[in-house]
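Peer 1: Predicted model and sequence below, questions to follow.
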Amino acid sequence: MVKVRAVSDELQSRFPDSAVEKASKAALQSLLDQHDVLSQDLERELSSLTLLRQYALSLLHDVEVPSPTTEQDERPSLKEIRAVQDQMESLLTQSRTKRAQTAQELRDREEVEKELSVVKAWIQETRELLLNPTPDIDSLLRELEVVHGEVVTYCQNVEKLAEQQQSKYLDLYTILPSEISMQLAEVSLALGAIEDQVLSKEREIQKTREIKEDFSSRIHDVSEKLKAVSAKFKEKSPDVDHAKEEVKSLAEDLDGCGRTLSEMDAAVQEFGRRNPLLAKQLSDAISKLSEMHHHSTRLADCRNNWLKKAVCYLDEYNEMLDFIVRWSEKAKSLVRANIIWNSSVHLQEQIRMYQAVLRESRELHGDLESMAEKVELLSEVLQVESMSQQVCELSRHTEELQQSIKTRLQSLEDADKVRREKETFHLLLVCDV
């Protein structure tokens, strides 16, 4: 019995007296293992005590007795065995109860850790999002709005979890275990930091979007102006003076666009330090506009140079027009005048006048062709429908006048020939007499 009592005392001494509520997770696992081992040892010793008691009874009666009587239980040896048995059974019950509490506490801790691990995983994903944001600003803002909603929800969940844990341990008349409180504090701080970062990022992206919208608006305005300038260059002016005024106005618009592009380019270079990707997109758009601006500027220079030539073309055209008009007036006056038939002198004089006008008309065809060429050249930038019609009418009119003059000249020459023949005949008659 001395040995039995020693074993009982040893088992009693091995009973963990640590408070489950204050233990760490590792300590809880250790407690669980200790209670498992202790329970196994207690069950084994209880089995041994049962055998020992049966052995003691057999010694008393020299026979195996299945169950002792009340009188036999009163014997000191059996009482002592029974006392040790009761003590071990009580210890086993306590161990099992304590083990169940420990297992429940461990499950509760694991459940808390599980919930917090979900939050930690989300925090890590969000950090990666903030470190590697989506290039598209609108998409990123939408993502940040979603993240902001999620962080608020997670903060509320963690706060609720902390309240539940504090209430649980308060009911147990103890404080929240440091292991849990540290994890809750760590996650709460991380969520707070994430919320600050998200809000900061939202403000930053919102400002970036405003800058982008401002740049996009200015880029759009310049683009529309350059398109309008290009469209104007394709239009034809009614005259050279109007074309000069228009080119001057377009050149001023181009200068304004050039200044705006230079300002935007400098601003984008500065902005590029904060947002290289967006700066590159804006820079590419500005580069395209700069090429468009350069092309439009070349068109303006070409238009200016062409207008200088157009002045010469118009001077030449008007000079030839003046010659043709003067010839036409002279030719019309001849065609409208009555022919004097009754005088040889007058006939000769009229013939010389008609011949002179016809000689002048030899240049008309070349001038009209040259005028048509000038009209073709001027048609690149001027509205030349009236000029083209003018050349056609002049060509038709001069041809009619030429034909009329030729016809009248032929009549004059025929009349002069007849008169000379008559005069010769009269002279011959006079000579014969």
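Peer 2: Looks like it came in fine. Numbers count the residues shown, from 1 in each chain.

Peer 1: Residue 388 reaches residue 373, doesn't it?
Peer 2: No - using Cβ atoms under 8 Å, residue 388 is not in contact with residue 373, being 11.6 Å away. The C-beta positions use only the backbone N, C-alpha and C, and glycine is treated the same way.

Peer 1: Look up how far residue 385 lies from residue 407.
Peer 2: According to Cβ to Cβ, to the nearest Å, residue 407 stands 33 Å off from residue 385.

Peer 1: ugh, wrong one, I meant residue 242
Peer 2: In this structure, residue 242 and residue 385 are 15 Å apart, going by Cβ to Cβ.

Peer 1: What residues does residue 314 make contact with?
Peer 2: Contacts of residue 314 were listed using Cβ atoms under 8 Å, 6 or more residues apart in numbering, and they are 240, 374, 378.

Peer 1: Swap in 6 Å and give it another go.
Peer 2: The neighbourhood of residue 314, defined by Cβ atoms under 6 Å, 6 or more residues apart in numbering, contains no residues.

Peer 1: Give me the three-state assignment for it.
Peer 2: The assignment at residue 314 comes out as helix when based on DSSP: H, G, I helix; E, B strand; the rest coil.

Peer 1: Against residue 387, how distant is it?
Peer 2: Residue 314 is 9 Å from residue 387, where distance means Cβ to Cβ.

Peer 1: Which strand or helix spans the spatially closest residue to residue 260 that is not a sequence neighbour?
Peer 2: Spatial nearest neighbour of residue 260, chain neighbours left out: residue 222 (5.5 Å); criterion: Cβ to Cβ, 6 or more residues apart in numbering. With the criterion set as DSSP states H and E, the secondary-structure element containing residue 222 is helix 178-234.

Peer 1: Whichever helix or strand comes after that helix - contacts with which helices or strands?
Peer 2: Stepping forward along the backbone from helix 178-234, the first helix or strand reached (DSSP H and E) is helix 240-271. Counting contacts by 3 or more Cβ pairs under 6 Å, 6 or more residues apart in numbering; DSSP states H and E, helix 240-271 packs against helix 178-234, helix 276-336.

Peer 1: Next, format these as TSV and append mean pLDDT and distance to residue 429.
Peer 2: Conversion of the helices and strands packed on helix 240-271 to TSV gives the following (pLDDT from 0 to 100; distance: least, Cβ to Cβ, whole Å):
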stretch	mean pLDDT	distance to residue 429
helix 178-234	91	81
helix 276-336	91	36
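
Peer 1: would a markdown table of these with distance to residue 52 be doable?
Peer 2: Written out in a markdown table, the entries for the helices and strands packed on helix 240-271 read as follows (distance: least, Cβ to Cβ, whole Å):
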| stretch | distance to residue 52 |
| --- | --- |
| helix 178-234 | 44 |
| helix 276-336 | 84 |
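
Peer 1: Of all those, which one is nearest residue 121?
Peer 2: Shortest separation from residue 121 across those is recorded for helix 178-234, at 11.1 Å, computed as Cβ to Cβ.

Peer 1: tell me how far that closest one is from the chain's mean position?
Peer 2: With Cα atoms, centre = their mean, to the nearest Å as the basis, the distance from the averaged C-alpha position of helix 178-234 to the chain average is 12 Å.

Peer 1: Next, the angle from it to helix 276-336.
Peer 2: For the pair helix 178-234 and helix 276-336, the angle between their directions (axes from the mean of the first three to the mean of the last three Cα atoms, to 10 degrees) equals 10 degrees.

Peer 1: packing partners for helix 178-234?
Peer 2: helix 76-131, helix 137-171, helix 240-271, helix 276-336.

Peer 1: Next, find the distance separating the residue nearest in space to the middle of the chain from residue 280.
Peer 2: For the chain, residue 136 is the residue whose C-alpha lies nearest the centre (Cα atoms, centre = their mean; 5.3 Å). Taking Cβ to Cβ as the measure, residue 136 and residue 280 are separated by 14 Å.

Peer 1: What residues sit buried inside the helix or strand containing residue 375?
Peer 2: Secondary structure here is read from DSSP H and E; on that basis residue 375 sits in helix 344-378. Applying a neighbour-count criterion of 16 or more other Cβ atoms under 10 Å, the buried positions in helix 344-378 are 347, 350-351, 353-354, 357, 361, 364, 367-368, 371-372, 374-375, 377-378.

Peer 1: going on from that helix, what's the next piece of helix or strand?
Peer 2: Next element after helix 344-378 (DSSP H and E): helix 385-432.

Peer 1: and that following helix, what does it pack onto?
Peer 2: On a contact count with 3+ Cβ pairs under 6 Å, 6+ apart, helix 385-432 meets helix 276-336, helix 344-378.

Peer 1: How about the contacts made by residue 247?
Peer 2: Residue 247 makes contact with 303, 304, according to Cβ under 6 Å, 6+ apart.

Peer 1: To residue 96, which of the helices and strands packed on helix 385-432 lies closest?
Peer 2: helix 276-336 (64.5 Å).

Peer 1: what angle sits between the closest one and helix 240-271?
Peer 2: Here helix 276-336 runs at an angle of 180 degrees relative to helix 240-271 (the same axes, to 10 degrees).

Peer 1: Break the chain into its domains for me.
Peer 2: When the chain is parsed into structural domains using automatic domain parsing, the resulting residue ranges are 1-108, 207-309, 312-432.

Peer 1: In JSON lines: these, plus distance to residue 119.
Peer 2: Compiled in JSON lines, the domains of the chain are given as follows (distance: least, Cβ to Cβ, whole Å):
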{"stretch": "domain 1-108", "distance to residue 119": "17"}
{"stretch": "domain 207-309", "distance to residue 119": "29"}
{"stretch": "domain 312-432", "distance to residue 119": "72"}
